[in-house]
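A.B. asks: no letters, just coordinates:
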């Protein structure tokens, strides 16, 4: 394992440069099936606490936890966890996946939000594992309550004719994170009448109620996206700077053009 400490924005620039200078590196298709297979290998590795079982890129691999580069041997991925819930989405455009894991019954509870990225559409190896790891002491943390709210949600694929566009999903993801700085952002989001918002272990129903309306002068930055039109979801990992540079994940599912679920994981 080689620890690589480029910032996420620098890594993205490197990926773009590779696509220009070495077209053959991005010629292969990045498939949903391959992305989900890689995500499943991550779930197995986290269950065992054994990152050596993963097909990590031999060079330029990054492990990042709570917005900071970290040796994978020191991260939560090297701790075996009893997984009570695992769910993954796939972004074939960015060649990335997002996985939510909840471990509520082990020695130390966790709720994890992980984005996995692959270099040059090559899903045979993992270039980046980017995890937000919430545990006891994190904002609104109670893994048992979170599991109780989320385990019965429906995340099946949407009919092709009703899938939201990539642009709409990103728009809603950005608007949600902009609510703390832009008083008009909340009204730019189409909220479903049955929408549920789970922030840590805090449930709000309908999720369009009690929304922030600006107030902070600091934008939530360092946004990293995984967008899956098939299930109508966007996950954004970020630095929640409006509240003090907190490592954060916001995931949204959209059904029939309106927000159905919101999940936030904040450290």
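C.D. replies: Sure, I can see it. Being a predicted model, the structure only gives us computed values, none of them experimental. Numbers count the residues shown, from 1 in each chain.
A.B. asks: in this structure, where is pLDDT below threshold?
C.D. replies: Under the criterion pLDDT under 70, the flagged ranges of the chain are 1-28.
A.B. asks: which residues in it form helices?
C.D. replies: 8-21, 32-48, 143-150, 166-178 (DSSP state H).
A.B. asks: adding mean neighbour count, write these out as CSV.
C.D. replies: All C-beta spots, glycine's among them, are computed from the backbone N, C-alpha and C. Formatted as CSV, the helices of the chain follow (neighbours: other CB atoms under 10 Å):
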stretch, mean neighbour count
helix 8-21, 14
helix 32-48, 18
helix 143-150, 18
helix 166-178, 19
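A.B. asks: including distance to residue 60, could those go into TSV?
C.D. replies: Below are the helices of the chain laid out as TSV (distance: least, CB to CB, whole Å):
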stretch	distance to residue 60
helix 8-21	8
helix 32-48	17
helix 143-150	33
helix 166-178	26
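A.B. asks: wait, which of the ones you listed is closest to residue 249?
C.D. replies: helix 166-178 (10.9 Å; CB to CB).
A.B. asks: any idea how far the closest one is from the middle of the chain?
C.D. replies: 14 Å (CA atoms, centre = their mean, to the nearest Å).
A.B. asks: stretch 68-75 too?
C.D. replies: Counting by CA atoms, centre = their mean, stretch 68-75 comes out at 18 Å from the chain centroid.
A.B. asks: got the domain ranges for the chain?
C.D. replies: Using automatic domain parsing, the domains assigned to the chain come out as 8-141, 160-266.
A.B. asks: how about a markdown table for the ones you listed, with distance to residue 150 added?
C.D. replies: Putting the domains of the chain into a markdown table (distance: least, CB to CB, whole Å) gives the following:
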| stretch | distance to residue 150 |
| --- | --- |
| domain 8-141 | 7 |
| domain 160-266 | 6 |
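A.B. asks: quick one: closest of those domains to residue 151.
C.D. replies: Nearest of those (CB to CB): domain 8-141, 5.7 Å.
A.B. asks: contact partners for residue 252?
C.D. replies: For residue 252, the contact set (CB atoms under 8 Å, 6 or more residues apart in numbering) comprises 169, 172, 173, 176, 233, 234, 235, 259, 261, 262, 263.
A.B. asks: just checking, the second one touches residue 258?
C.D. replies: No - contact status for residue 172 versus residue 258: not in contact, 9.5 Å apart, counting by CB atoms under 8 Å.
A.B. asks: give me the common contacts of those two.
C.D. replies: Residues touching both residue 172 and residue 258 (CB under 8 Å, 6+ apart): residue 190.
A.B. asks: for the contacts of residue 252, which one is nearest residue 50?
C.D. replies: Nearest to residue 50 among the contacts of residue 252: residue 235, at 24.8 Å, using CB to CB.
A.B. asks: that closest one and residue 91, how far apart?
C.D. replies: As judged by CB to CB, to the nearest Å, residue 235 and residue 91 stand 9 Å apart.
A.B. asks: what do the two both touch?
C.D. replies: 98, 225, 226, 227.
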